[in-house]
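Peer 1: starting from these lines, generate the structure:
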Amino acid sequence: MKPSHAANLSIILILCAWPLMFYGFMSQLGEPARNTTQAQINSMHNFSVVVLATGCISLFFSLWLSGYSFSDAKLRASLALAGCVLPIIIVAVRIFA
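Peer 2: Reported below is the predicted structural model:
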């Protein structure tokens, strides 16, 4: 794979990873309705875990592609790195400040 294609793919993966991780995390919050069966609860939980894991794997794969493409596409690789790391830093500062 060309490094320029890898840089483009890393940016696309970031744009997909954050919404997947947000949905996977937020869908696990709250309590289900009282008439929901245990099988439905387990199914919804498994689906949200798969979505969250897919988002995390996409984010880490995007970081790897960003590092792979840094020698040829410095700007796009740096944007991809910032897209991965800056939201994490912002949330950490908000939590601990």
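
Peer 1: what about the residue located most distally from the centre of the chain, is that helix, strand or coil?
Peer 2: Largest separation from the mean C-alpha position in the chain: residue 35, at 32.2 Å (C-alpha atoms, centre = their mean). Recorded secondary structure, residue 35: coil (DSSP: H, G, I helix; E, B strand; the rest coil).

Peer 1: quick one, phi psi at it?
Peer 2: Note on residue 35: its backbone torsions stand at phi -90, psi 10 [degrees, to the nearest 10].

Peer 1: could you do residue 71 as well?
Peer 2: Here is the backbone geometry of residue 71 (degrees, to the nearest 10): phi -70, psi -30.

Peer 1: tell me which residues in the helix or strand harbouring residue 83 are buried?
Peer 2: In the assignment (DSSP states H and E), residue 83 maps to helix 74-96. By neighbour count with 16 or more other C-beta atoms under 10 Å, helix 74-96 contains the buried residues 76, 77, 79, 80, 81, 83, 84. Where you see a C-beta, it was placed from the backbone N, CA and C, and this is true even at glycine.

Peer 1: can I get those in JSON lines including distance to residue 95?
Peer 2: Below are the buried residues of helix 74-96 laid out as JSON lines (distance: C-beta to C-beta, whole Å):
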{"residue": "76", "distance to residue 95": "30"}
{"residue": "77", "distance to residue 95": "28"}
{"residue": "79", "distance to residue 95": "25"}
{"residue": "80", "distance to residue 95": "24"}
{"residue": "81", "distance to residue 95": "22"}
{"residue": "83", "distance to residue 95": "20"}
{"residue": "84", "distance to residue 95": "18"}
